[in-house]
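A.B. asks: give the three-dimensional model of this entry:
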Amino acid sequence: MTAQFNHTIIASLDPQRMAKFYLELLEAHEEPGWGPFANISLAHGVLLQFAAPPIDFPPQHYAYQLDDEHFDRAYATICKREIEHWADPQRQLAGQINYEHGGRGVYLLDPSGHYLELITRPYLPVAG
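C.D. replies: Modelled structure (predicted):
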């Protein structure tokens, strides 16, 4: 069997708020929670678990590939909610998107301060 990504735990200041934020932006599926986890799932059974860790945590970077229509809806949500966003990871091009890698992309911060990147095309060609 080829290795596949299955799940990750995303450190969260407020796990329920984070799950709701990702649920809406990524159009994910709500899953039952257990223990300290608020859970959602993405395509191919990928599980995102949100939990408050017992220590301070540094911000992480999470990138999600969306199709063009989903990107349009997500970007409309970002703009409607006036969520600060940038076309670049250095946060120099505020309020813009980029057109790199033959698609579109945008950077923003989630409610816990993690860096999110939404893209419409992968950085690397998909291996056959």
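
A.B. asks: where does pLDDT dip in this structure?
C.D. replies: Residues of the chain that meet the criterion pLDDT under 70 lie in 1, 127-128.

A.B. asks: please enumerate the strands of it.
C.D. replies: Counting by DSSP state E, the chain has these strands, from start to end: 7-11, 29-34, 37-41, 47-51, 61-65, 85-86, 105-109, 115-119.

A.B. asks: can you put the ones you listed in TSV and add mean neighbour count and distance to C79?
C.D. replies: Where C-beta positions appear, they are placed from N, C-alpha and C, glycine not excepted. Converted to TSV, these look like this (neighbours: other CB atoms under 10 Å; distance: least, CB to CB, whole Å):
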stretch	mean neighbour count	distance to C79
strand 7-11	16	24
strand 29-34	12	24
strand 37-41	20	23
strand 47-51	21	24
strand 61-65	14	18
strand 85-86	20	8
strand 105-109	20	10
strand 115-119	19	13
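
A.B. asks: just put those in JSON lines and tack on distance to Q92.
C.D. replies: Shown next, in JSON lines, are the strands of the chain (distance: least, CB to CB, whole Å):
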{"stretch": "strand 7-11", "distance to Q92": "26"}
{"stretch": "strand 29-34", "distance to Q92": "35"}
{"stretch": "strand 37-41", "distance to Q92": "31"}
{"stretch": "strand 47-51", "distance to Q92": "29"}
{"stretch": "strand 61-65", "distance to Q92": "17"}
{"stretch": "strand 85-86", "distance to Q92": "7"}
{"stretch": "strand 105-109", "distance to Q92": "10"}
{"stretch": "strand 115-119", "distance to Q92": "14"}
